[in-house]
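Enquirer: Using only what follows, build the 3D model:
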Amino acid sequence: GINAEYGSLLGSMGKVQGLLLFATILLCVTFTTSIGTKKPFYHGNYPKVKYEPNTVTKVQVDYSSVTQVTNSIPTLQVVVNPLIRRGSPIHDSTFKALADLQATHVRFVPWLPYPKLAVAELYPPYGNPRCGQVLQGSNLFMQCKTGVINGIDFAAFGDNSGRCQRFQTNPSCTNTLDVKKYLEKYCIGQPSCLIPASSNSFPIKSCSSQATFTIAAQWRCSNAVNKTSWDFSLIDPLMEDFLSAVTKPGTNDTKGAWINFSTTPEWLWATNGEISFPDDPNGLTWGYTQGTELLDRSLVDLGNYYERLLRWYTQGGFTDQYGNKYTGGHYYNITNWEVLNEIESEHGMTPQAYTQRYDAIVQGIQRAVPNMKFMGMALAYHNEWNWYQYFLNHSNHAPNIPLDFISFHFYAGTNQPEDPAAYESFFPQADGFHAEVVQILKIKNSLSPSTKIDTDELGVILGSNTFPIIYWNAVAALDTYQYLKLSVLGVDVIGISQLVGFPSQFPDVSMMNWTSGQPTPRVWALKLVIQHFDSKTTKMMETYFDASSPIFAQGFISGNDGVPRLVLINKSSNIQTVAVASAFIDSQVECVDQFSGFGPARVFSLDGPLIDLFPFAVCYLSQL
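Expert: Coordinates of the predicted model:
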């Protein structure tokens, strides 16, 4: 029968099971009160399944005909949130599940909803001078974290260049007198002030320059001290636990893990005021990443932030701009770095702006780790051909900037989150994405053939905090389908999203049951992909079946052991029957389905040519 632990949390169960589950829920509620995760986000037993007795899908594999040798790497991403912190009731089981997967190229993302868990320098430097420069039409926010503004070293609107302590102006196209008077009148003695970058406020009488006008200022603060706010005390435990889980035992080999500190300090950006965030590290905010322009238009400060971040984790520490030493004692072997995340959304970047920022971050990191490999873009949206055409054109980058990888994301969805039949639509949505990937590959191959591709966020977003538990099987089936289809297209790394989610943090993308700490079918399905596809010498074989049926099938021979195998996916919310060749009679079958539940794939022998696939089942047949 169905695994008891995989039944409804609201259904009947034994007294001992009930007490254990109640204790688990109490632990979760105690830990997560501040993030609003007090109730389960799935409900109900599995729906009653329906047989379609008159429909049998025949599958045949020609094991003498190789269609492709795959080299695609299956993996996942880990996004930082409170439930993976030490002290969480699911912390230990989550990182054990991650370690047990033995995945390579795992993506780790400290992310914007929790600034204290993602940003290592939350406040601007406390010393003098302070500087900023923003485009015409924006506002320059001047502030002092200690004391008040008590001096203006430089102020100008117009054709400005340079950076802090090195500003330069075009005298015939710059208004300096009016700007400095304005700042002295309205800003001196204030802890902060907001200055409009406008020719209406600071007129320029005549100028033939085609330069983009900016307002630039350099000011001083009373009570300034030469120190910075670097603090890794909340971030280090997360990084340590992640790297411990993915590192090959007994070595410093992090197995190609991709690190992405995607959230930059907000004080680097031009905003209309100081950006607040919760004092509680578990406190959620969606308002941290504001502004589209960096105050330092030279991008030196941006590059320096990432240089120091890498020195902290790879070289034991760093020295800040005032000569203060920060020592952490970390010497991790970090080899892969992804530069920012979903950049069209976060800070609303254009391809041109992102490319410049990518180059600055790469140059900063290279000063710390010269041989680092880099991945760019991590695009959220679709059919953005202009992004690929611009970023992959090497002439748009600074000299010697590597374009090792690009990444982009895909999430299926439905407006009927409670209806298992609606989950069948995930697969044709994925097919549309695969057609997009074909076009991306064409652009990449024409502009930067050596660049590799990582689809490092694949999943489903329902936009709902509740859904039936069959949903996890549907997404597990989709995950496997995505790997099989994308690997044939030649995608290098195929990553699913994400290890832990919960209400307010995309419960629909979670691979773990946040109430119990058990791996969901998504984890067990990924484990089978990792186990059976060795990413180097797996041969995909010619496979025949009715493509209009709800079944997807792929025969293959793994380079691990040379065993002929067949993977079957039921894309339907009903039971489907498949007829296989006689060679698979008595074969070993591994299925992730509603009967394997929150446990590993159930294993049995096939006693005839027919196999029933339960709704959204994933089954591997091995001719052992």
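
Enquirer: Provide the contact partners of stretch 263-273 at residue level.
Expert: Residues outside stretch 263-273 that contact it (CB atoms under 8 Å, 6 or more residues apart in numbering): 110-112, 115, 118-119, 121-124, 132, 134, 138-141, 192, 194, 275, 288-296, 301-302, 305, 340, 346-347. Glycine gets a C-beta too; all of them are placed from N, C-alpha and C.

Enquirer: Give me the distance between the two termini of stretch 111-126.
Expert: By CA to CA, to the nearest Å, the extent of stretch 111-126 from end to end equals 25 Å.

Enquirer: Repeat that for stretch 588-606.
Expert: 7 Å.

Enquirer: Show me which residues of it are buried.
Expert: 588-594, 596-598, 601-602, 606 (16 or more other CB atoms under 10 Å).

Enquirer: Tell me which of the residues you listed fall in strands.
Expert: When DSSP state E is applied, the buried residues of stretch 588-606 are split such that Gln588, Val589, Glu590, Cys591, Val592, Arg602 fall in strands.

Enquirer: circling back: may I ask which two of the buried residues of stretch 588-606 are separated the most?
Expert: By the measure CB to CB, Phe598 and Leu606 form the most distant pair in these, at 24.2 Å.

Enquirer: now, which of the ones in strands among the buried residues of stretch 588-606 sits nearest Gln498?
Expert: Taking CB to CB as the measure, Gln498 sits nearest to Val592 out of these, at 18.6 Å.

Enquirer: how much space between Thr57 and Asp546?
Expert: Note on Thr57: its distance to Asp546, by CB to CB, to the nearest Å, is 6 Å.

Enquirer: And those two? Which one has more around it.
Expert: Thr57 (21 against 12; other CB atoms under 10 Å).

Enquirer: Now do the phi/psi pair for that one.
Expert: Backbone torsions of Thr57, given as degrees, to the nearest 10, read phi -90, psi 120.

Enquirer: can you pull the pLDDT of it?
Expert: Listed pLDDT for Thr57 reads 95.

Enquirer: need the contact list for Phe552.
Expert: Applying CB under 8 Å, 6+ apart, the residues near Phe552 are Phe427, Tyr481, Leu484, Phe545, Leu568, Ile569, Lys571.

Enquirer: Please list the members of those that lie in helices.
Expert: When DSSP state H is applied, these are split such that Phe427, Tyr481, Leu484 fall in helices.

Enquirer: between the ones in strands among the buried residues of stretch 588-606, which is closest to Ser208?
Expert: Checking those against Ser208 by CB to CB gives Val592 as the nearest, at 69.1 Å.

Enquirer: Quick check: bridge partners of the closest one?
Expert: Val618 (DSSP bridges).

Enquirer: That one touches Ala525, doesn't it?
Expert: Yes: in this structure Val592 lies within contact range of Ala525 using CB atoms under 8 Å: 4.7 Å.

Enquirer: Mind listing the shared neighbours of the two?
Expert: Common contacts of Val592 and Ala525 (CB under 8 Å, 6+ apart): Ala476, Val618.

Enquirer: Quick one, grab the pLDDT at Pro192.
Expert: Check again: residue 192 is Ser, not Pro. 95.

Enquirer: Excluding chain neighbours, what is closest to it?
Expert: Nearest non-adjacent residue to Ser192, counting by CB to CB, 6 or more residues apart in numbering: Gln143, 3.8 Å away.

Enquirer: quick one, what contacts that neighbour?
Expert: With CB under 8 Å, 6+ apart, Gln143 has these contacts: Pro124, Arg130, Pro191, Ser192, Glu274.

Enquirer: confidence score at it?
Expert: For Gln143, the pLDDT comes out at 93.

Enquirer: which stretches of the stretch 451-600 of the chain form strands?
Expert: 452-460, 467-468, 493-496, 538-544, 551-557, 564-570, 576-579, 588-592 (DSSP state E, counting those that start in this stretch).

Enquirer: okay, and the helix or strand of the protein with the least pLDDT?
Expert: helix 15-32 (a mean of 35; mean pLDDT, DSSP states H and E).

Enquirer: Point out where this structure drops to low pLDDT.
Expert: Counting by pLDDT under 70, the chain shows low-confidence ranges at 1-54, 535.
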